[in-house]
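**Q** Below is the sequence, then the predicted model.
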Amino acid sequence: MSSATWRQFFSFNKYSQITARAVRQSLKETERAAAEKRGLTALRYQNWENGKGGEQVYLNPPETPVGKGTPAV
């Protein structure tokens, strides 16, 4: 059996997501917390008119932990 058998079942993005999760779960607790924070993403968009950007709108607003500020823009 080939080492690339995963290609029959997953796209490359799904495969890399699965392997990244496995690596994060294998880390010690302190390193795991830092790695989980790096794994979070926030998607936002901005309409531009006449060469000027409008307000940035989050498609899925990030969860803001208590006591934390808003993410950098």
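**A** Structure received. Numbers count the residues shown, from 1 in each chain.

**Q** and the one helix or strand in the chain whose mean pLDDT sits lowest, how far from the chain's centre?
**A** In the chain, no helix or strand scores lower on mean pLDDT, DSSP states H and E than helix 29-39, which sits at a mean of 79. Centroid separation for helix 29-39 versus its chain: 12 Å, with CA atoms, centre = their mean, to the nearest Å.

**Q** do stretch 30-50 as well
**A** In terms of CA atoms, centre = their mean, the centre of stretch 30-50 is found 6 Å from the chain centre.

**Q** how long is that stretch end to end?
**A** 47 Å (CA to CA, to the nearest Å).

**Q** Have a look at the protein and report its longest helix.
**A** helix 12-26 (DSSP state H).

**Q** what's in contact with that helix?
**A** In this structure, residues lying in contact with helix 12-26 by CB atoms under 8 Å, 6 or more residues apart in numbering are W6, R7, F10, R32, A35, E36, G39. C-beta here means a position set from N, CA and C on the backbone, and glycine is covered the same way.

**Q** Let's see that with 7 Å instead.
**A** With CB atoms under 7 Å, 6 or more residues apart in numbering as the test, helix 12-26 has contacts from W6, R32, A35, E36, G39.

**Q** quick one: low-confidence parts of the protein?
**A** Scanning the chain for pLDDT under 70 picks out the ranges 1-3, 39, 62-73.

**Q** how about 90 then?
**A** 1-21, 23-49, 51-73 (pLDDT under 90).

**Q** which of the contacts of helix 12-26 lies closest to P61?
**A** Nearest to P61 among the contacts of helix 12-26: G39, at 17.4 Å, using CB to CB.
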